[in-house]
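Trainee: Provided below for reference: sequence and predicted model.
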Amino acid sequence: MSLMQKLSRWNRQRLERRKFARQNKEVPDYAQWVAQHATLSTQALSQLAGDVGALGPRISVLMPTFNPDLAHLRAAVASVLSQTHQDLELCIADDASTCAEVRPCIQELAAQDPRIKFIFREANGHISAASNSALSLCTGEFVALLDQDDLLAPHALSVVAATLRRQPGLSLAYSDEDKIDENGTRFKPHFKPDWNVTLLRSQNYVCHLVVLRRSLIESIGGFRLGYEGAQDHDLLLRCAEHLRSDEVVHIPLILYHWRVHAGSTASTLGSKPYALVNGCKAVQDHLDRVGLKGTVSHEGLFYRVQHACPEVLPKVSIILLTRDRPELLASCVQSVLDKTSYPNLEILIVDNGTKDPQALEHLSRFAQDPRVQLIRDASPFNYSALNNRAARQATGTLLCLMNNDIEVLDPDWLQEMVGVASVDGVGVVGSRLYYPDGGIQHAGVILRLNGVAAHPFRRQARDDGHYMARPMLMQELSAVTAACLVTHRAVYDAVGGLDEEHLAVAFNDVDYCLKVREAGWKVIYDPHAEFIHHESVSRGRDNTPEKRERFQREVAYMKDRWHAALAADPAYNPNLTDRHENFSLSPQPRTDIRRWLQAGG
């Protein structure tokens, strides 16, 4: 690396550090955010009460109990009875608590309000059996799940009921949530994405508050014994198999407060280690029921699904553009040739006008490998056009678009991506990329960030936990980078490949993914296909007037073509910032209860 290149890298890193410091300074803490944005006005409460009143739908709150802290139980019950939505019932099933004070406490509470129904089980059967006993008491059209020590926000069921009334075809509604400690302090909010079955296989991100149509729960047999600790996750996966996406709604508001205390799952999953074992079993059962071949294991507090490749491995055409930069070319191609165990592949190296003698020597050497086809194309650089022309010469049924500044880390990377691509309905599979120093370069693409789209968690450490472990979880996203993605040749042809007319350099991969989604296929981010990415080292940065002008044209095109998609990314949350890449709180959320009601949910 030359002295000028080292200085340029040092200057970029200095600017990045300043940017991150500024981001952290701009982010409000959660207490400030709650005070400013999470308190309903009297007007909004009146609108909720007037809209629903006693008209329903009736919501049965299902609560299994076993030796609860009585103060916590009373608070949980009070949070139900004080709901602004009145058409409800609280169905309590006590699972043979050994504490003598529990039974009289429940009886005392029920005597104060006829909406409380209860049953005392004769023998302890654990939470699935107790939940089924509570379910047997429910008469409401919908059922809300509430743990014995948690709290509903005062307006929770009114918001849910208003949403259900506006969308009568719904069978599942879920909200955002936070945690609450013994002092009543709220913290660690979970602002969730919209319905995402792929993510649900990796983690029960839905969690609380969840409201389900009672007939749906009963049709699948309620809660299953033997899945204790993961019974809600198992229930959701089984429900998902009977739901269309338009029957599910995510309400991007905090409606549930998950209590943290010693021994609670909210505090540490170590208190219930069997939950992870049963969760693996629930996800594996789900895969088997829907006909997906693969295996499930748990990694920390979440699950890894490894999808099996087809018995007859499809041919993959790896398209790799290059120009000069012999050190990058050698590292990239050699790592693909030496560290890729997938047997049925071809590599199409597109030489876009290489002049460097050492790079030309590398190209000549690589061309001797029977897996490599060298394509000479000295036309002006147009990333989209170069890939499209190469794709027309490819013979694989799957295409892998790859930058020349990628280094393979795991020999099984292509089996991993082909397995995911083989899942019915998947059109694109993206990978997880790291900078040479180990920081995250790509963990998917979120729309609207920084104007059009950006990589969340960029420059953050590889394994620091992140926001709800999102970089570590397989999930459906709106877009992924073409620095390394796998897509079906048929899908590529169907949507017209990359847009070489309007997006010669920037955003062509985002545009491609959005076209794929628009055509009905899914875009999946796979964190288990991992690479080093020397971002934009070979092409350089957009630091000339001509490049900046071209970039602005591409930005304008994306905003015009995809204005509706950029308004709200289903993989993100309107309570999170659209200015930074760190999943931090938005100083000004793009959804609140008033807007939610005015928009009809």
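Mentor: Received it, and whenever you're ready, just let me know what you need.

Trainee: Show me where the stretch 451-600 of the chain has its helices.
Mentor: Ranges of helices within the stretch 451-600 of the chain are 489-494, 508-518, 545-561, 563-567, 593-598, based on DSSP state H, counting those that start in this stretch.

Trainee: Deepest in the core, which of those helices is it.
Mentor: Mean neighbour count (mean count of other CB atoms under 10 Å) peaks for helix 508-518 among the helices of the stretch 451-600 of the chain, with a mean of 23. Every residue, glycine included, has its C-beta placed from N, CA and C.

Trainee: who's in contact with that helix?
Mentor: Outside helix 508-518, the residues that touch it by CB atoms under 8 Å, 6 or more residues apart in numbering are 383-384, 401, 427-428, 445, 447, 452-453, 477-483, 485, 487, 491, 495-500, 502-503, 523, 558, 561-562, 565.

Trainee: same thing with stretch 226-235?
Mentor: The set of residues external to stretch 226-235 that reach it, using CB under 8 Å, 6+ apart, is 126-128, 131, 145, 200, 204, 207, 210, 212, 217, 220, 222-224, 265, 272, 274-276, 278-279, 281-283, 285-286.

Trainee: now do stretch 412-419
Mentor: 294, 306-310, 313-314, 316, 340-342, 345, 398, 400, 410, 429, 431, 486, 526, 528-531.

Trainee: Just the buried residues of it, please?
Mentor: For stretch 412-419, the neighbour count (16 or more other CB atoms under 10 Å) marks 413-419 as buried.

Trainee: Which pLDDT value belongs to the residue located most distally from the centre of the chain?
Mentor: What lies farthest from the middle of the chain is P357; by CA atoms, centre = their mean that is 45.3 Å. Per-residue pLDDT puts P357 at 94.

Trainee: go on, I119?
Mentor: At I119, the model reports a pLDDT of 98.

Trainee: Confirm it sits in a strand?
Mentor: Yes - applying DSSP: H, G, I helix; E, B strand; the rest coil, one finds I119 inside a strand.

Trainee: Just give the nearest non-adjacent residue to it, would you?
Mentor: For I119, ignoring the flanking residues on the chain, the nearest one in space by CB to CB, 6 or more residues apart in numbering is A93 at 5.0 Å.

Trainee: Same question for L313.
Mentor: Setting aside the residues directly before and after it, L313 is nearest to N344 in space (CB to CB, 6+ apart), at 4.6 Å.

Trainee: burial count for that neighbour?
Mentor: Using other CB atoms under 10 Å, the number of residues around N344 comes to 16.

Trainee: circling back to that earlier point, out of the contacts of stretch 412-419, which are inside strands?
Mentor: Under the assignment DSSP state E, these contribute 294, 306-307, 316, 345, 398, 400, 429, 431, 486, 526, 528-531 to strands.

Trainee: of those, closest to D463?
Mentor: Nearest to D463 among those: E530, at 11.6 Å, using CB to CB.

Trainee: roughly how far apart are the closest one and N404?
Mentor: Using CB to CB, to the nearest Å, we find E530 at a distance of 18 Å from N404.

Trainee: Those two: who's more crowded?
Mentor: Neighbours were counted for E530 and for N404 using other CB under 10 Å; N404 has more, 23 against 17.

Trainee: Now do the phi/psi pair for that one.
Mentor: Dihedral angles of N404 (phi, psi; degrees, to the nearest 10) stand at phi -80, psi 0.

Trainee: which non-adjacent residue is nearest it?
Mentor: Nearest residue to N404, sequence neighbours excluded (CB to CB, 6+ apart): T322, at 4.1 Å.

Trainee: right, and the one you found touches N352 too?
Mentor: Yes - using CB atoms under 8 Å, T322 is in contact with N352, at 6.8 Å.

Trainee: Give me the more crowded residue out of the two.
Mentor: Neighbour tally, T322 and N352, criterion other CB under 10 Å: the higher count belongs to T322, 25 against 21.

Trainee: Low-confidence regions, the stretch 251-400 of the chain specifically.
Mentor: The model of the stretch 251-400 of the chain has pLDDT under 70 over residues 263-271.

Trainee: which residues of it fall in strands?
Mentor: Remark: strands assigned in the stretch 251-400 of the chain by DSSP state E, counting those that start in this stretch are 294-299, 302-307, 316-322, 345-351, 372-376, 398-402.

Trainee: right, so those: which one is the most enclosed?
Mentor: Most buried of these, by mean neighbour count (mean count of other CB under 10 Å): strand 398-402, with a mean of 26.

Trainee: which other residues reach whichever helix or strand comes after it?
Mentor: Next in sequence after strand 398-402, counting helices and strands by DSSP states H and E, comes strand 406-408. For strand 406-408, contacts defined as CB under 8 Å, 6+ apart pick out 331-332, 335-336, 339-340, 433, 483-484, 531-534.
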